[in-house]
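# next input, structure requested:
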Amino acid sequence: MPEYNFDHVIDRRHSDSEKWHYTEGILPMWVADMDFSAPPQVLEAIHHRVDHGVMGYHHESSTLREAVVHWVAQRYGWEIKPDWIMLLPDVMVGMNLAARALAKPGDGVVLQSPVYRPFFRLAWYGDFVVQDAPLAQGEDGRWGLDMAALEEAADARSKLFLLCNPQNPTGRVFTKDELAFLADFAERHDLIILSDEIHGDLVYSESHHTPIASLDPAIAARTVTFIAPSKTFNIAGLKTAMGVIPNPELRERVRKAARGIIPVINVLGMVALETAYREGGPWLDALLGYLQANRDYLLDAIAAGRLPGVRMARPDGTFLAWLDFRNTPWADAPAKHILEKAKVVVNEGAWFGETGRGFVRLNFGCPRATLDEGIERIARAMKGD
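Next up, the predicted model:
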């Protein structure tokens, strides 16, 4: 395997980075992009395209869909067809578009908090009814499905089920049995599933990502799956994503809603997407090893008491840690205290729904030195140093 240096610290300040727009002295560990350079193969391909010099109107690469089909088959064991793919600038753009194409104002949208806040916004923007079925936390701290909550949330208004797998912010990767239950739930309530699987490539050695649409043709027919190379290869700024829609009737409704609104993805994003999926496998495998080591380092730090009272369940995937501060003096608003006292930016748990109150989400997709500095800053602040 080629050697990649994920320990290299890149100065991202003054680079128009959303994550790093804070003043000197503040350490950002919040928004879900990593502090690593994109794969060298991707950067080389972008440089080559820029060196051509002409950035005029373009059309879709004739080999792009083939690259996506191959990647999905290789990484997930899911056989898809090229015409199922709809190119998008962003997963949440696709989710919002599909929701408005497949449901109407007043319809119910079932989701499971704590969850990525734009899921709630999707419902608010579309004038849908939020029907929250919170995940359940076990005695070991791990999060899982609450079957009773799902049944209680769904009613005659329910039209859409928003699935996040791998789950953001808890890091759970749902098992096939859990997905089979969700598939049965969707079928019994006649729900269309909008499945955000943007973190599907970022799964650790103990787990495996299964797209819910891959379970069987019946569930595929009621599912729109959203994937992207953006989190995987740290190219979110290139605005490249896809919806995979096996059902031709649903596909036509979503495509029709996009006419005149959703353009072809930008030319550099298209180059990056295809190159990443064709040549980025070795880089991703190396990245996963590094991220898993970071995850375990953070788990060990918490087990050793470096952050007194804080608990953390091991995430199966993503590069996000869901830290439980409910047994600390900072339980009311831990992210606020962490910023004020430790000068570290993390996401407040309540941003992911009321179920998340007392938690924070911390991004460990960074060089080990950055992670250790973040842990040490929070540790010193909690001890009053």
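# list of residues touching stretch 135-151?
110, 112-114, 133-134, 167, 170, 172, 174, 178, 181-182, 185, 311-314, 322, 324, 355 (CB atoms under 8 Å, 6 or more residues apart in numbering). Backbone N, C-alpha and C define where each C-beta goes, glycine included.
# in strands, which of these fall?
Taking DSSP state E, the ones among those that sit in strands are 110, 311, 312, 322, 324.
# could you list the buried residues of the helix or strand residue 48 falls within?
Element membership for residue 48, per DSSP states H and E: helix 40-52. If you call a residue buried by 16 or more other CB atoms under 10 Å, then helix 40-52 has these buried ones: 41, 42, 45, 46, 49.
# dump that helix to CSV, keeping only the CA atoms.
Provided in CSV are the C-alpha atoms of helix 40-52 (Å, rounded to 0.1, in the frame of the first residue of the first chain):
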residue,chain,number,x,y,z
PRO,A,40,-2.8,13.0,-4.7
GLN,A,41,-4.4,11.3,-7.7
VAL,A,42,-7.4,13.6,-7.4
LEU,A,43,-5.3,16.7,-7.1
GLU,A,44,-3.2,15.7,-10.1
ALA,A,45,-6.3,15.1,-12.2
ILE,A,46,-7.7,18.5,-11.2
HIS,A,47,-4.3,20.2,-12.0
HIS,A,48,-4.3,18.5,-15.4
ARG,A,49,-7.8,19.8,-16.2
VAL,A,50,-6.9,23.3,-15.0
ASP,A,51,-3.7,23.3,-17.1
HIS,A,52,-5.9,22.8,-20.2
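# list the helices and strands that helix packs on?
If you count contacts as 3 or more CB pairs under 8 Å, 6 or more residues apart in numbering; DSSP states H and E, helix 40-52 packs onto helix 267-279.
# measure how far the helix holding residue 48 is from the centre of its chain, please.
26 Å (CA atoms, centre = their mean, to the nearest Å).
# next, the angle from that helix to helix 267-279.
Relative orientation of helix 40-52 versus helix 267-279 (axes from the mean of the first three to the mean of the last three CA atoms, to 10 degrees): 140 degrees.
# what sits up against helix 40-52?
So helix 40-52 is contacted by 4, 37, 233, 235, 267-268, 271-272, 275-276, 279-280, 283 (CB under 8 Å, 6+ apart).
# out of those, flag the one nearest to residue 90.
Taking CB to CB as the measure, residue 90 lies nearest residue 235 of the contacts of helix 40-52, at 12.1 Å.
# surely the closest one is in contact with residue 272?
Yes - if you go by CB atoms under 8 Å, residue 235 and residue 272 touch, sitting 5.1 Å apart.
# now do the shared contacts for these two.
With CB under 8 Å, 6+ apart, residue 235 and residue 272 have common neighbours 38, 42, 229.
# out of these, who's nearest residue 290?
Of all the shared contacts of residue 235 and residue 272, residue 290 sits closest to residue 38, with 14.7 Å by CB to CB.
# that's all I had, so thanks and see you.
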